[in-house]
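K.L.:
give me coordinates for this.
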Amino acid sequence: MTPASTPDPDSGPGIDAENAENAESAESAASAASAEAETEAEADRIREAFAREAYDVTPSPVPLAALRREGRKARRRRRTATFSALTVLGAATAAAAVVGVTSARPSLPAPAPIAAPPSAVAPRVPTPKATPTSAKPTPTPVRVVASGQRVDAGKGWKVWLTEEGKHWTGPDGLENSRSVTDGNVDTAAPGVSHQSETSPAGGFHSGLYYGTRAVGRVELRGPGGTRTAATLLELPGRPGWGVWYAHAGPGAGEAGLAMYDRAGKLLAELPG
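P.N.:
Take a look at the predicted model:
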C-alpha cells in the first residue's frame, strides 16, 4: 500500500486561480501599455504631418500701409482733441484775464467842461451891386403906330412918324423932324441917331434906329453907368427903321446909346 502523498502548498485550485488572475492583470497592463505607446506614436505622426504642412505654407504679407494710415488717423484725433482742450482752456484764461483787468481798472473822472470859444463874427461884406453891363438886356416891345399918329411921350412931349421920318414937339409947341429919306441915314446898316433937349429939371432924348427888323432894345447910357430903356415906335409893315425916346435926369445931355437885337446882341453904339 502506497502511502498517501502530502498536498503541495504551491499547487491546488486556489493557487491556480490566483495565478490566472495575476496573468490576466499582467496581460491587461501590457495591453494598456501597448495602446498608450500606439497613441503616443500616432500623436508623433500627426505632429510631424502638421510640421511638414506648416513648412510648406507661405504666410501673407503684413498690411503695413493700412496700419500706418490707421496710426496716423489715431494720432490726428489725439492731437485735435488735445488742441481743442488747449483752445478752450486758453479762451477761458483770456476771458478771466479781461474780466480781472476790467474790474481792476479805476473809473476815470469825467472831463471838465471846456468853455466854447466865442463865435467869430464874419465881417460884413457888402453885396456888390450888379452893374448894368452885367445884365443881359431885356427886349422892349415895339409899338406899331399909324403914320401921323401923335403919341404922348410925357412931360409935354409928343412924337409921331411918317414915311419921311421922325417928328416931335415939346412943351413950347415948336415942331422938329429928322428925315430918313434925305440920304443922311443908311438904312442898310444898323445904326442910331440922337437928339436931346435938356433943362435943369431933366431932359428929353429921342432919335432914329435903323438897319434892322429885329430890334430888341435901345438904351440911353447916362453918367455913372446908368441905363434907361427907350420906348420904341414903328410904322406898320416893319419898314426897317423906327423912333425911340426916353426921359433922363439932369446932366444926361451927353449920354451914349446902344442898340441890341432880340437875342441881346449889340448891333450899334453911339458914344456920349
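K.L.:
what's the burial count for residue 166?
P.N.:
Counted with other CB atoms under 10 Å, the neighbours of residue 166 add up to 24. In this view, the C-beta of every residue, glycine as well, is placed from N, C-alpha and C.
K.L.:
now it, what's its secondary structure?
P.N.:
strand (DSSP: H, G, I helix; E, B strand; the rest coil).
K.L.:
residues contacting it?
P.N.:
Contacts for residue 166 (CB atoms under 8 Å, 6 or more residues apart in numbering) come out as 159, 177, 178, 180, 206, 207, 208, 243.
K.L.:
report all helices and strands that the helix or strand encompassing the second one contacts.
P.N.:
Using DSSP states H and E, residue 177 sits within strand 175-179. With contacts defined as 3 or more CB pairs under 8 Å, 6 or more residues apart in numbering; DSSP states H and E, strand 175-179 has these neighbours: strand 165-169.
K.L.:
can you state the direction angle for the strand it packs on and strand 175-179?
P.N.:
Orientation of strand 165-169 against strand 175-179 (axes from the mean of the first three to the mean of the last three CA atoms, to 10 degrees) gives an angle of 160 degrees.
K.L.:
strands paired with strand 165-169, and their directions?
P.N.:
Strand 165-169 has the following strand partners under DSSP bridges: strand 157-162 (antiparallel), strand 175-179 (antiparallel).
K.L.:
any chance of the ones you listed in CSV, plus mean pLDDT?
P.N.:
What follows is the strands paired with strand 165-169, written out as CSV (pLDDT from 0 to 100):
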stretch, mean pLDDT
strand 157-162, 97
strand 175-179, 95
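K.L.:
quick one, helices of the chain?
P.N.:
Under the criterion DSSP state H, the chain contains helices at 13-56, 64-104.
K.L.:
of those, which shows the lowest average pLDDT?
P.N.:
Ranked by mean pLDDT, the helices of the chain bottom out at helix 64-104, with a mean of 62.
K.L.:
can you give me the buried ones in stretch 158-175?
P.N.:
Of all the residues in stretch 158-175, those buried under the rule 16 or more other CB atoms under 10 Å are 158, 159, 160, 161, 162, 165, 166, 167, 168, 169.
K.L.:
which residues does the second one contact?
P.N.:
So that's residue 159. 150, 151, 153, 166, 167, 168, 206, 233, 243, 245.
K.L.:
perfect, I'm done here.
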